[in-house]
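In: Sequence first, then the predicted structure, then my questions.
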Amino acid sequence: MSLRRFAFVAAAALCPISAFAAVAIGTAAPDFSLTDSKGKTETLSQYKGKTVVLEWNNPGCPFVQKHYSSGNIPKQQADATKDGVVWLTINSGAAGKQGHLDGAGAQAFIAQYHAAPSAYLFDADGKVGRLYGARTTPHMYVIDAGGTLRYMGGIDSIASTDKEDLAKATQYVPQALAELKAGKPVSVATSEPYGCSVKYGS
Amino acid sequence: MCKPFVVFPVVLPVMQIFSAAFVLFAAVSVAHAAPVASEHIEVELVSENSALVPGQTAHLGLRLKHEPGWHTYWTNPGDSGLPTKLSWTLPRGFSAGEIAWPAPTRFKVDDLYNFGYTGEVVLPVALAVPANATTGSNVALAVEAKWLVCHEVCVPGKAQLKLDVPVATKALADPRYGLAFAQARLSTPLATLPARARIAGEHVTVTLATPGLSFVPDDALAAQKQIVASTPPRITRQGETLIVDFAKSEYFTGEPAGFDLVLTSRAANEPVWQGRAVFSNKNAVNSPAPR
């Protein structure tokens, strides 16, 4: 085993600080424009005045599949959008990588799981994913009506691919949305996301 | 062949006949289970010795044989992934400990760091054998193993693994797994070094007293999440003190009492060390922690 351990040690001196500290809670969520599955351009700033959820997605990832096939994310999407929240699902998978979709593929994915995002956006060059520091699928962000980032992190509190864990897990996005709606502080504003790595291109 | 069976009364349940037959062969049999082939990995429950001795601690292992290029994860998987999990079903009186995690390999996938294993590895688990275990009997051990095996993409897997091991007054090493257990033991930390951790800005700096330490480790990995980032730390030595400078985890939510770190060297014959880092503004310790 020792022989395998030497790899990447050389990187130590070059990057001692995490590469993901891209956005911060309580600060303005950076604006972006992406094309959705219907060919329409969606811009974050066009939703100023509304609460926005960003969800990083890769339909081939078993963690994403857990939350879709169980109905967990589709239900969160339906509940949120019914309440006037804008839910943007973003796919930063590069061409040729797992989970990369085209418009028809995304529409089929949404239909398959009866998903209800406001839009499914493509970020194949990974610019928006890297801007937000999205590292896993799923990876969730909640932005309030004033454009301030109020939650970033995992979909829930139990890192697993097992649907049986859902009942025991705290679902952080509905919790943050309910707290924002009630004018309360977001009790869990950051959590460590879990899932597959985002399949960025090089 | 099956001739001995005719002496049993026909009313004897089939299961009893089988277990009776097992006892007959126990003297020459060894622990037996079959590896389970799953996607990109082969998993098997194995025993270091061919028998269990009443009142002693035995060592079992989850043997993982990864397809080339694929890996599973350490107790702290790093930026993504999941640790391998075991849940045991054991006869009354037997109890299994936690996985004695061998030091993992650091992987970099795009911008993420992960900690885990490739190739063939045994994850050892201590099994307490009760003093009243019946010599000559066979013990049925069962475990549900769950893992996530990844290359660039990941596939979750699980298997119900079984192992029958005879109970005997003496146990011999099973030659099939001796090397794998020895390797696991070599890469399991030998001793725990006392250490102090301090938070300064975006850094978590660990100071270890290392009297007599013959080498400067190349890498240090935290066994717990959400304290330090998964990026490689900067390691320097000042006399008999080792300073490990980690970036603070961006998911750091509050100061824990401490955390465990594993110090590894790329040199093949160097032992693995571990430290228990206690945050110095909480329960500071200066003296060596007991083993």
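Out: All right, it came through fine.

In: Point out where chain A drops to low pLDDT.
Out: Across chain A, residues meeting the criterion (pLDDT under 70) sit at A:1-21.

In: Where do the strands of it begin and end?
Out: For chain A, applying DSSP state E gives strands covering A:33-36, A:41-43, A:52-56, A:86-91, A:119-122, A:136-137, A:140-143, A:149-153, A:196-197.

In: Which elements pack onto the second one?
Out: Pointing back at strand A:41-43 there. For strand A:41-43, the packing partners by 3 or more CB pairs under 8 Å, 6 or more residues apart in numbering or on different chains; DSSP states H and E come out as strand A:33-36. (Glycine included, C-beta is placed from N, CA and C.)

In: neighbouring contacts of the strand it packs on?
Out: Residues from elsewhere that reach strand A:33-36, judged by CB atoms under 8 Å, 6 or more residues apart in numbering or on different chains: A:Thr41, A:Glu42, A:Thr43, A:Leu44, A:Ile90, A:Gly103, A:Ala119, A:Tyr120, A:Leu121, A:Phe122, A:Asp123, A:Val128.

In: Could you pull out the buried residues of that strand?
Out: For strand A:33-36, the neighbour count (16 or more other CB atoms under 10 Å in any protein chain shown) marks A:Leu34, A:Asp36 as buried.

In: same thing with stretch B:86-96?
Out: Buried residues in stretch B:86-96, counted by 16+ other CB under 10 Å: B:Leu86, B:Trp88, B:Phe94, B:Ala96.

In: and it, average pLDDT?
Out: In this model, stretch B:86-96 has an average pLDDT of 97.

In: contacting residues for B:Leu86?
Out: Contact analysis of B:Leu86 by CB under 8 Å, 6+ apart lists B:Leu62, B:Ala96, B:Ile99, B:Leu123, B:Val125, B:Val143, B:Glu144, B:Ala145, B:Lys146.

In: and the nearest residue to A:Asn91 once chain neighbours are set aside, what does it touch?
Out: Distances taken as CB to CB, 6 or more residues apart in numbering or on different chains put A:Asn57 closest to A:Asn91, at 5.1 Å, once the chain neighbours are dropped. Counting by CB under 8 Å, 6+ apart, A:Asn57 makes contact with A:Val64, A:Thr89, A:Ile90, A:Asn91, A:Gly99, A:Tyr120, A:Thr137, A:Pro138.

In: Include distance to B:Ser38 when you put these into JSON lines, please.
Out: Formatted as JSON lines, the contacts of A:Asn57 follow (distance: CB to CB, whole Å):
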{"residue": "A:Val64", "distance to B:Ser38": "21"}
{"residue": "A:Thr89", "distance to B:Ser38": "31"}
{"residue": "A:Ile90", "distance to B:Ser38": "32"}
{"residue": "A:Asn91", "distance to B:Ser38": "28"}
{"residue": "A:Gly99", "distance to B:Ser38": "22"}
{"residue": "A:Tyr120", "distance to B:Ser38": "32"}
{"residue": "A:Thr137", "distance to B:Ser38": "23"}
{"residue": "A:Pro138", "distance to B:Ser38": "25"}
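
In: surely A:Ala189 meets A:Ile25?
Out: Yes - the pair A:Ala189 / A:Ile25 is scored as a contact, 4.8 Å apart, by CB atoms under 8 Å.

In: who touches both of these two?
Out: Residues touching both A:Ala189 and A:Ile25 by CB under 8 Å, 6+ apart: A:Arg150, A:Tyr151, A:Met152.

In: Which one of the residues you listed is nearest to B:Tyr177?
Out: Distance to B:Tyr177 across the shared contacts of A:Ala189 and A:Ile25 (CB to CB) is lowest for A:Met152, with 44.9 Å.

In: Run through the residues of the stretch 1-150 of chain B sitting next to chain A.
Out: Contact residues, the stretch 1-150 of chain B versus chain A (CB under 8 Å from any CB of the partner chain): B:79-80, B:82, B:102-103, B:105-113, B:117-119, B:121, B:146, B:148, B:150.

In: that older thread, quick check: ChimeraX command selecting the buried ones in the contacts of B:Leu86.
Out: Here is the ChimeraX command that selects the buried residues among those (16+ other CB under 10 Å):
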select /B:62,96,99,123,125,143,145,146
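
In: so which of the contacts of B:Leu86 comes closest to A:Tyr68?
Out: Each of these was scored against A:Tyr68 by CB to CB, and B:Lys146 proved nearest at 20.2 Å.

In: And the closest one, how far from B:Ser95?
Out: Remark: distance between B:Lys146 and B:Ser95 (CB to CB, to the nearest Å) = 20 Å.

In: ok, now A:Lys168?
Out: Taken as CB to CB, the span from A:Lys168 to B:Ser95 is 25 Å.

In: and if you look at B:Ala200?
Out: From B:Ala200 over to B:Ser95 the distance is 42 Å, taken as CB to CB.

In: Pull stretch A:117-136 out as PDB, backbone CA atoms only.
Out: Below are the C-alpha coordinates for stretch A:117-136, written out as PDB (Å, rounded to 0.1, in the frame of the first residue of the first chain):
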ATOM      1  CA  PRO A 117     -37.800  22.100 -11.600                       C
ATOM      2  CA  SER A 118     -38.500  25.600 -12.900                       C
ATOM      3  CA  ALA A 119     -35.800  24.900 -15.500                       C
ATOM      4  CA  TYR A 120     -33.000  22.400 -16.300                       C
ATOM      5  CA  LEU A 121     -29.800  24.300 -17.200                       C
ATOM      6  CA  PHE A 122     -26.700  23.200 -19.000                       C
ATOM      7  CA  ASP A 123     -23.200  24.200 -17.800                       C
ATOM      8  CA  ALA A 124     -21.100  21.800 -19.900                       C
ATOM      9  CA  ASP A 125     -18.000  24.100 -19.600                       C
ATOM     10  CA  GLY A 126     -18.400  24.000 -15.800                       C
ATOM     11  CA  LYS A 127     -18.100  27.800 -15.400                       C
ATOM     12  CA  VAL A 128     -21.100  28.300 -13.200                       C
ATOM     13  CA  GLY A 129     -20.400  25.100 -11.200                       C
ATOM     14  CA  ARG A 130     -16.900  26.300 -10.500                       C
ATOM     15  CA  LEU A 131     -18.100  29.800  -9.800                       C
ATOM     16  CA  TYR A 132     -20.300  28.400  -7.000                       C
ATOM     17  CA  GLY A 133     -17.800  25.700  -6.000                       C
ATOM     18  CA  ALA A 134     -20.200  22.900  -6.700                       C
ATOM     19  CA  ARG A 135     -18.300  19.700  -6.000                       C
ATOM     20  CA  THR A 136     -20.900  16.900  -5.700                       C
END
